[in-house]
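Novice: Kindly generate the corresponding structure for this input.
(chains A and B)
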Amino acid sequence: MFDNILSGFSAILAVGPILGIIVGVVIGITFGAIPGISCIMAIAIMLPMTFYVDPIIGITMLLAVYKAGIYGGSISAILINTPGAAASFLTAQDGHALTKAGKAGKALDMSLFASVSGEMLATLVLILVAAPISAISLQAGPIEKVFLLLFAFTVIGSMAGESIPRGLLSCCLGMLFAMVGMDSITGSSRFTFGIDELIGGFTFTPMLIGILVMPEVINVIRRRKVPHHELAITQSPNPADNHISFKEFRGVFRTILKSSGIGTFIGALPGLGSSTAAFIAYGEGKRTSKNPEQYGKGSVEGIAAAESANNAVCGSSMIPMLTLSIPGDDVAALLMGAFLIHGLTPGPMIFFEHTETIYAIFAGFLITDLFLLGIARSGFKFFVKMASLKRYFIFPCVTVFAFTGAFTAGQNMDDILVLIAFTVLGYGMRLVGLNPAVFIIGFILTPFLEQNLDQAFAIVGDDYAKFFASPFSWVFIALSVFFVYSSMRAKRKASKIPAPAAEEKPA
Amino acid sequence: MKSTKKTLLSIATAVTMTFAAGAAMADYPEKPIKVIVPWGAGGDSDLTTRIWADAVEKELGVPVVVINKTGGGGVVGTSFVARAKADGYTLINAGVSNMMVTPNFTNTPYNFDTFTPVVKYTAVPPAVVVAKDSPYKSFDDFIKGAQSKTVTQGSWGASSSGTIMANIIANQSGYKVKYVHGKGAADSMVSVVGGHIDSAVSFPPAFGPHVKADRARVLVMDQKMDAFPGVPTFADYGIKGSFGGWSGVFAPAGVPQEVVDKLTAATAKVMKDPEVLKAYENIGALVDFRHGPEWVSDLKATYAIYTEEAARTSKK
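Specialist: The predicted structure is shown next:
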């Protein structure tokens, strides 16, 4: 394995891949930092362009956008209390409190170091466990995958935001749209209403851009009267407030380790994503902290907990995609598309068949972390400038890129119609409080569930005991039950103690 | 006298028109040619067509652009070309799936007669494959096994080329299998190697790596290949019919014969190019250049076999 990683490094240390990583990191931080557009949009828009370059360059570039974008979300969270990405919601509480205290530099430093450490650790875990897991995952056939997917749906249901019914409804809508088109098993057309163009179903990239990107543009148009925030780093006269000292970093190192662990674990489970990881790690950090009363009021430890956890997800969300060929979230689904278009089929075989490419990509992930550290550290001012660009400069560009991105993926005018239709749907969902991210997860996972369920039934035949014969199945059944139980307990706790969140918020 | 004049006039008109038409078609091609591949990039059909397009482009002197228009088991892209103008500038990548199987087994807006076959460049012989530690050492073992108990076989959809081929083989050999449908030949190979299903119908690009790494065994194949020595063929077991996978190019019906001739001549030239042959060998495809009336009547005969099979299975 180590010689594989070494040869991966030699493949990645070339002009093309390094340039790709630099471009990816800059775009990622910029998109992440601008409130209203997240890194997933940057990835969706850039995806078709990566088809024209080498897979090593293309995939590392997309992942660089992802990692840098999740980090970038913390910049605007800290400076103007508006998270650029949903995963930085908690960072906003502590980070902005520090900004108000004139310690913005400290908060930004902490967030960067925590993000990079979290990512590094998760990437190392990915590299170390992916190949061994893929060897075991050959044993996970359709039956085991059905239980894994049922677990993923359980998790989405119990974790989706404040309202479980709304989360379930969003997920079901996603499942419904995933079923449009020719059924891959019987070959019959479903929900096509005699329209030939619908036989192929909805194309993923235009749909994703329509659901996630364009409604945000409409939102900006609607709120154009809202005053514009100018972002600036306030320099404190006390130099100790402008950066993080080694002592402070060592003080929160245990929190970073633990949160990275939590983030890595959450990321490896399909369906959860970086926001959930940040919430769980933040809660856990607060529970075990020496100064829990500081959390939410400008605790560097809180920033460390949230940021290392949400960034750890970037690395580990690749695990289910690469070993089981099941994408755990929207970013993984987009990246899976990037793998497929280059003829690399994610799944247990990728480690045997494309050893060199996959380890070069892994090496690229590690190098991305170093570039993120370097670029973000030296370019704070630049990214803050970019993030405070006027909205009427940014969003017309976003619209153009959204439409070209939707078109270039398939060179098909129908995809533009798909984009427009889902823009309307996505905006409508937002108006009635449905969750677009959960919709996307439902859309992604449904074809996998359907296919594996069909295969499982074919294999099982009349012998239904076979369904429960595998230990893997029991692991996922147990996990599902645990998640339902723990989310119910959390809900009951929340209803007993009225609004604990209100106490945490700075007055 | 009057009639002579009329005859002369009509002959003159006919000659002029033929000449005019000939002059117009002599210019073919004068703009880029689009070849629609109804499958995703990187697959068997896509790779073979891209090699062909890159090669004939130099002969024809205009860009030959490959466009992937995927979805609906090949129906979306194929219907698109069926509706296109028959001027030779929009072609379809044809294969056993979109030309033979789908129009017979599902309700498609096109059929075999909607297109004019132009050329076929490669063949991919199907095979029955099992895992290395499978109890079935030979196809005879497999037939006996499948006759006495339920044996699962990987394929890609109830009316896909894989299942239809497998059905014809099973029907003629007198056994039955239970299908487990995956995303494609490569997907079912993972299930075979992981021990979740007993066997799979598959193609060399999909099973080749597993056989080379000694994780899987080929029991029987459509035709001999140097890469897999000692494997018997379907003919050795008395199985009739040509149900191999293949890849070629069709044009919408009504395309001028000059277009077909020009494309055929260009293809004939590049199929002798050692670089093109090497490119096909690298992706595991067998070069099988066919064109002309004899090939078209072979295609029609195979189409009839599938029509029969469709009638047979729909009766049940």
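Novice: Now for residue B:75: which residues touch it?
Specialist: A:182, A:196, A:199, A:200, B:38, B:98, B:102, B:106, B:108, B:109 (C-beta atoms under 8 Å, 6 or more residues apart in numbering or on different chains). Placement of C-beta: from N, CA and C, glycine included.
Novice: Mind doing that once more with 7 Å?
Specialist: Remark: with contacts taken as C-beta atoms under 7 Å, 6 or more residues apart in numbering or on different chains, residue B:75 is in contact with A:182, A:199, B:102, B:108.
Novice: Can you report how many residues lie near the second one?
Specialist: The burial count assigned to residue A:199 is 22, neighbours taken as other C-beta atoms under 10 Å in any protein chain shown.
Novice: That one reaches residue B:76, doesn't it?
Specialist: Yes - counting by C-beta atoms under 7 Å, residue A:199 does reach residue B:76; the two are 5.5 Å apart.
Novice: What is the neighbour count of residue A:242?
Specialist: For residue A:242, the count of nearby residues is 18 (other C-beta under 10 Å).
Novice: For residue B:51, see how far away it is.
Specialist: Counting by C-beta to C-beta, to the nearest Å, the gap from residue A:242 to residue B:51 is 60 Å.
Novice: Likewise for residue B:205?
Specialist: Look at residue B:205 and residue B:51: by C-beta to C-beta, they are 13 Å apart.
Novice: Please apply the same query to residue B:96.
Specialist: 19 Å.
Novice: Please apply the same query to residue B:183.
Specialist: Residue B:183 sits 24 Å away from residue B:51, going by C-beta to C-beta.
Novice: Could you check which of the two has the larger neighbour count?
Specialist: Neighbours were counted for residue B:183 and for residue B:51 using other C-beta under 10 Å; residue B:51 has more, 25 against 16.
Novice: show me the contacts for the residue of chain B found nearest chain A.
Specialist: Residue of chain B nearest chain A, by C-beta to the nearest C-beta: residue B:71 (1.7 Å). Contact analysis of residue B:71 by C-beta under 7 Å, 6+ apart lists A:181, A:199, A:200, A:201.
Novice: and if you look at residue A:186?
Specialist: residue B:158.
Novice: and it, helix, strand or coil?
Specialist: Secondary structure, DSSP: H, G, I helix; E, B strand; the rest coil: residue A:186 is coil.
Novice: and stretch B:168-179, does that touch chain A?
Specialist: Yes - counting by C-beta under 7 Å from any C-beta of the partner chain, contacts between stretch B:168-179 and chain A involve B:178, B:179.
Novice: tell me which element residue B:180 falls in.
Specialist: strand B:178-181 (DSSP states H and E).
Novice: which of the residues in the helix or strand that that strand is followed by are buried?
Specialist: Once the chain leaves strand B:178-181, the next helix or strand it forms, by DSSP H and E, is helix B:185-193. Judged by neighbour count using 16 or more other C-beta atoms under 10 Å in any protein chain shown, the buried positions of helix B:185-193 are B:185, B:186, B:187, B:188, B:189, B:190, B:191, B:192, B:193.
Novice: can you check stretch B:127-135 too?
Specialist: Under the neighbour-count criterion of 16+ other C-beta under 10 Å, stretch B:127-135 has B:127, B:128, B:129, B:130, B:131, B:134 buried.
Novice: Which of those residues fall within strands?
Specialist: B:127, B:128, B:129, B:130, B:131 (DSSP state E).
Novice: you'd agree the first one is up against residue B:221?
Specialist: Yes - under the criterion of C-beta under 7 Å, residue B:127 makes contact with residue B:221 at 4.2 Å.
Novice: For the strand or helix carrying residue B:209, give me every contacting residue.
Specialist: Using DSSP H and E, residue B:209 sits within helix B:204-212. Taking contacts as C-beta under 7 Å, 6+ apart, the residues outside helix B:204-212 that touch it are A:353, B:44, B:124-125, B:127, B:129, B:185-186, B:189, B:193, B:216-218, B:225, B:227-228, B:283-284.
Novice: likewise stretch B:152-160?
Specialist: A:184-187, A:458-459, B:73, B:97, B:101, B:105-106, B:162-163, B:166, B:177-185, B:188, B:191-192, B:197-201.
Novice: Buried only: go through these for me.
Specialist: Buried among the contacts of stretch B:152-160 by 16+ other C-beta under 10 Å: A:184-185, A:187, A:458-459, B:73, B:97, B:101, B:105-106, B:162-163, B:166, B:177, B:179-185, B:188, B:191-192, B:197-201.
Novice: Just the pLDDT for residue 149.
Specialist: Using chain A here. On pLDDT, residue A:149 comes in at 87.
Novice: that's the other chain; I wanted chain B
Specialist: 89.
Novice: same check, this time on the one 4 residues further on
Specialist: pLDDT for residue B:153: 94.
Novice: Can you tell me the element it falls in?
Specialist: Using DSSP H and E, residue B:153 sits in strand B:152-155.
Novice: Using PDB, write out every CA atom in that strand.
Specialist: Written as PDB, here are the backbone C-alpha positions of strand B:152-155 (Å, rounded to 0.1, in the frame of the first residue of the first chain):
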ATOM      1  CA  THR B 152     -28.900 -17.300 -10.500                       C
ATOM      2  CA  GLN B 153     -27.400 -15.400 -13.400                       C
ATOM      3  CA  GLY B 154     -26.400 -11.800 -13.600                       C
ATOM      4  CA  SER B 155     -27.800  -9.700 -16.500                       C
END
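Novice: mind listing what it pairs with, with the direction of each?
Specialist: Strand pairing for strand B:152-155, using DSSP bridges, gives strand B:178-181 (parallel), strand B:199-202 (parallel).
Novice: What is the neighbour count of the nearest residue to residue A:470 once chain neighbours are set aside?
Specialist: Nearest non-adjacent residue to residue A:470, counting by C-beta to C-beta, 6 or more residues apart in numbering or on different chains: residue A:144, 5.5 Å away. Neighbour count of residue A:144, defined by other C-beta under 10 Å: 22.
Novice: Tell me the helix or strand right after the helix or strand harbouring residue A:144.
Specialist: If you go by DSSP H and E, residue A:144 is part of helix A:142-159. Going down the chain from helix A:142-159, the next helix or strand is helix A:164-178, by DSSP H and E.
Novice: can you give me how far the next helix or strand after that following helix is from the chain middle?
Specialist: Heading C-terminal from helix A:164-178, the first helix or strand you meet, by DSSP H and E, is strand A:181-182. Relative to its chain's centre, strand A:181-182 lies at 28 Å (C-alpha atoms, centre = their mean, to the nearest Å).
Novice: and what of stretch A:478-492?
Specialist: 23 Å.
Novice: so residue A:118 makes contact with residue A:258?
Specialist: No - contact between residue A:118 and residue A:258 fails when scored by C-beta under 7 Å: they sit 10.6 Å apart.
Novice: Who has more neighbours out of those two?
Specialist: It is residue A:118, of residue A:118 and residue A:258, that has more neighbours when counted by other C-beta under 10 Å, with 36 against 18.
Novice: so where does the more buried one fall, helix or strand?
Specialist: helix A:104-137.
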